[in-house]
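# Using only what follows, build the 3D model:
(chains A, B and C)
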Amino acid sequence: MIDRLWFLMPELIVLGGAVLCAILGVSRKVGVRNLLPVFAGWTLIIAGVVAWLFVYVPSTELAAVATEVPLPWLGRWVVIMSAVVGLMLVFVQAGLVDRVYEAAVAAGRVAFDPLRTTRGEYWVFFLLSVGGLMLTSGASDLVWLFLALELTSLPTYVMVAIGRVDRRSQEAGMKYFFLGALASAVFLYGFAMLYGATGTMSLVDIRTVLAEQVAETGSMNPLATIGLMVAVLGIAFKLAAAPLHLYAADVYEGAAAPVTAFLGFVPKAAGVIALMLLLSVTGWQEDGQLPQVLVILLWVMAVLTMTLGNIGALLQTRIKRMLAYSSIAHSGYLLIGILAGPGAGYTAVLIYLVAYGLSNTATFSVLAGLRRSGQEVEFLDDLAGLRERHPIMAWGMAISAGSLLGFPPLLGFWAKLLLFMAGIASGQLVLVIIAGVNSAISAWYYLKIMAIPLVGTPKSDAASIERVDVPGARFALVLISGALLVMPVALSDMIADAEAALREPDKMQTVDEDSGHAGGSAIKQEQPSLQS
Amino acid sequence: MPPMSLMLANQLPLYLPIVILIVMAIIFGAVNILGSHLLGPKRYGEEKMSTYESGMNPIGTARRRFNVRFYILAMTFLVFDVEIIFLYPWAVDFAQLEPGSPEAGLFLGRILFFLLMSVIAYVYAWKKGVFRWD
Amino acid sequence: MTMVATAMAGGSLAQYLIISGVLMSIGLAGFLTRRNLIVMFLCTELMFQGVVIAMVAFSRWHWEVSGQVFVIFILTVAAAEAALALALVVLLYRRRDTLDAEAWTELRE
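As a prediction, the model looks like this:
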């Protein structure tokens, strides 16, 4: 019992941080409210370090507990990844939340009204949503998966609406909320069918029951297959994958740039992890066979998502819309990894998530860090010649967009390479060729994003674009750009870590045997006593 | 597993007290309304026919904007309202555990943690000024 | 007594699933055709209730309780979504004085 809770330690820390932010957010002292991002940042650091050093340390007791979860060690990767990318997102948003109101209070123009302030709530929702992403990775049953996904997305609806005082952000929040509620109802219906077909909620048990049914009848229970398809379609919303991708452009444009950076990573990562866990019930870890209809569904989704995303991005002149469509396209690439399956495919997906999360955060940190008379910069052309006045921003934009495109020395290139290699290895050659064509299409607009700030001729009003007075976004940009350049050096370590995170529960024990932590036979003897 | 109809037939007598309660409630309501209608004195006047006889005079139509604090208070209520859903199954299970056993302690600890979360929500709402009406 | 019980328990699994499917379809159709924000929200709630009925029916059919546990959590999340929807709708209504979803079209291609 206690051991199962032990896996939740990072999430509990995040919850504690969220509670702290909620209480401190209504404090009357400006200093305390300004410290909120610091608290949020430290919460994520502590959660990440605890997960890294203490929670996911192999031991015989944990190995026994871990058999209840399809991918027990996935949490290690996901928690640390969410903590790192989350920390970058904290830097991007620090000081920008509810900025106009806080400035007015600080200048004494308005009296502080706890009901009016939204800075505390913003950080609470930020932490809760990241905590939801962490929780997704540990899901052992459908209830948990549902709650974790909802915990990830419910806060984001509020974050979009309160991210900036603007009619467009409220419209975006409304659209996002209504479609999100619709999508949850859809994947819940899928869960209900899956439950109806198997009579259990536990993912591991569903896998066992389905395997028995396959052994009896020779094919998978049709109700379970349909349930899985419906659930995958519903989860496609979190991924912003076709056919539920249409909201993304509107919502990403309407939300404030720091919130958009958040939307581009956290719900998407949660959706990808949920897909990995959900598809594990088909038992393709053992036989490598996904039901044919699911393969077709995912294949069509992947092709549609990346093609529509890239073509949509080509047609845009507004930078945020362009990046929104590009993030749709990245969901399509991620689906290749999902299709390639456990092993190389999932490993590539985990690494791609890190590369994409970091690069995406960096591109939006440029937009968050620039202002023109208090408003965000809207058009790509406005960034022309940025290098002359703000060289850090221009180079950071070039590096991060290059990584999103998959420019050779950068992390994004290696991640994409791994993804495509996994796709080819699993026999999805046509899909990888389509993805390659799509990458070529995306080069057109990514190169524009890279080149226009560096070598473009500044427009006449370029001088009115200024850096915001908080350094967080620039700091995050420099850190991430450095990481994108340096991290490929450690690529083989990353692959090893990702593979370790994807170990199956029983394979875990043989690893223990090899490294001499404990004898394999001792574990097998201990197991029944722990479970009883 | 016995057929559904048989099981329902076995359980149906258990619902008899509820049926009696419903019947009694209907009788009680009917007797009160009919009794006051038959026995009470009847005098009508302008004051008597106004919307709130002994209360405030109504102003304007009902379709006016309510203070936003009503919504906020309603949402705060919702938190504590929904919490009850979780306390019920917990209480049913807790009663079956052996008193003083470690499982019972863990069980109690979990629900206390759950309640602590709503206490924090209450403190937050209080500090936020939800309960102030000035 | 037995006749009443048979009548009450007369629903087979299929009948409950049909009701659940009908609720889902009404919800989806309403969501796609109605333009009033509150009605749209009610339609998503209808879809949630469709799922709830399916869950309870399957739970009864399998004689296994976890489906009903799931229902409690679905109801909780639905309540949280209702609170959120109310807040958002109030926010939007104050801005525009209408609940017509068509009035909100600033974000478009």
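# The helix or strand containing residue B:122 and chain C in contact?
Secondary-structure element containing residue B:122, defined by DSSP states H and E: helix B:102-128. No. Using Cβ under 8 Å from any Cβ of the partner chain, no contact is recorded between helix B:102-128 and chain C, whose separation bottoms out at 11.8 Å. Glycine gets a C-beta too; all of them are placed from N, C-alpha and C.
# Buried residues in that helix, which are they?
Neighbour-count burial for helix B:102-128, counted by 16 or more other Cβ atoms under 10 Å in any protein chain shown, picks out B:121, B:124-125, B:127-128.
# Kindly report the same for stretch B:47-58.
By 16+ other Cβ under 10 Å, stretch B:47-58 has no buried positions at all.
# Quick one: end-to-end distance for that stretch.
Taking Cα to Cα, to the nearest Å, stretch B:47-58 runs 12 Å from one end to the other.
# Quick one: distance of it to the chain centre.
From the chain centre to the centre of stretch B:47-58 is a distance of 28 Å (Cα atoms, centre = their mean, to the nearest Å).
# ranges for the helices of chain B?
B:4-11, B:16-39, B:68-94, B:102-128 (DSSP state H).
# I'd like to know which of those helices lies nearest to chain A.
When the helices of chain B are compared for distance to chain A using Cβ to the nearest Cβ, the nearest one is helix B:102-128, at 4.3 Å.
# got the angle between the closest one and helix B:68-94?
170 degrees (axes from the mean of the first three to the mean of the last three Cα atoms, to 10 degrees).
# Could you check how far the residue nearest to residue B:125 when sequence neighbours are not counted is from residue B:118?
Sequence neighbours aside, residue B:76 is the residue nearest to residue B:125 in space, at 5.1 Å (criterion: Cβ to Cβ, 6 or more residues apart in numbering or on different chains). Between residue B:76 and residue B:118 the distance is 10 Å, computed by Cβ to Cβ, to the nearest Å.
# intersection of neighbour lists for those two?
Taking Cβ atoms under 8 Å, 6 or more residues apart in numbering or on different chains as the contact criterion, residue B:76 and residue B:118 have no common neighbours.
# Work out for me the element residue A:48 sits within.
For residue A:48, the enclosing helix or strand under DSSP H and E is helix A:36-50.
# Not counting sequence-adjacent ones, nearest residue to the residue in the stretch 151-300 of chain A that chain B sits nearest to?
When you check the stretch 151-300 of chain A against chain B by Cβ to the nearest Cβ, the closest residue turns out to be residue A:199, at 11.9 Å. Of all residues beyond its chain neighbours, the one nearest residue A:199 is residue C:62 (3.5 Å), with distances taken as Cβ to Cβ, 6+ apart.
# Point out the other helices and strands that the helix holding residue B:122 packs with.
Under the contact definition 3 or more Cβ pairs under 8 Å, 6 or more residues apart in numbering or on different chains; DSSP states H and E, helix B:102-128 sits against helix A:9-25, helix B:68-94.
# could you check whether the shortest one is close to chain C?
No. Judged by Cβ under 8 Å from any Cβ, helix A:9-25 stays clear of chain C, getting no closer than 15.0 Å.
# Only C-alpha atoms, please: export whichever helix or strand comes after that helix in PDB.
Of the helices and strands lying after helix A:9-25 in sequence (DSSP H and E), the nearest is helix A:30-34. This file holds the C-alpha atoms of helix A:30-34, laid out as PDB (Å, rounded to 0.1, in the frame of the first residue of the first chain):
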ATOM      1  CA  VAL A  30       3.300  42.600  -3.300                       C
ATOM      2  CA  GLY A  31       6.600  41.000  -2.400                       C
ATOM      3  CA  VAL A  32       5.000  37.600  -1.600                       C
ATOM      4  CA  ARG A  33       2.900  37.700  -4.800                       C
ATOM      5  CA  ASN A  34       6.000  38.400  -6.800                       C
END
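# and helix A:30-34, how far out from the chain's middle?
Here the centre of helix A:30-34 is set off from its chain's centre by 29 Å, with Cα atoms, centre = their mean.
# Other residues contacting that helix?
Residues from elsewhere that reach helix A:30-34, judged by Cβ under 8 Å, 6+ apart: A:24-25, A:27, A:95, A:102, A:105-106, A:112, A:117, A:119-120.
# With mean pLDDT and distance to residue A:430 added, can I get the helices of chain B in a markdown table?
Written out in a markdown table, the entries for the helices of chain B read as follows (pLDDT from 0 to 100; distance: least, Cβ to Cβ, whole Å):
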| stretch | mean pLDDT | distance to residue A:430 |
| --- | --- | --- |
| helix B:4-11 | 62 | 51 |
| helix B:16-39 | 93 | 64 |
| helix B:68-94 | 84 | 49 |
| helix B:102-128 | 89 | 51 |
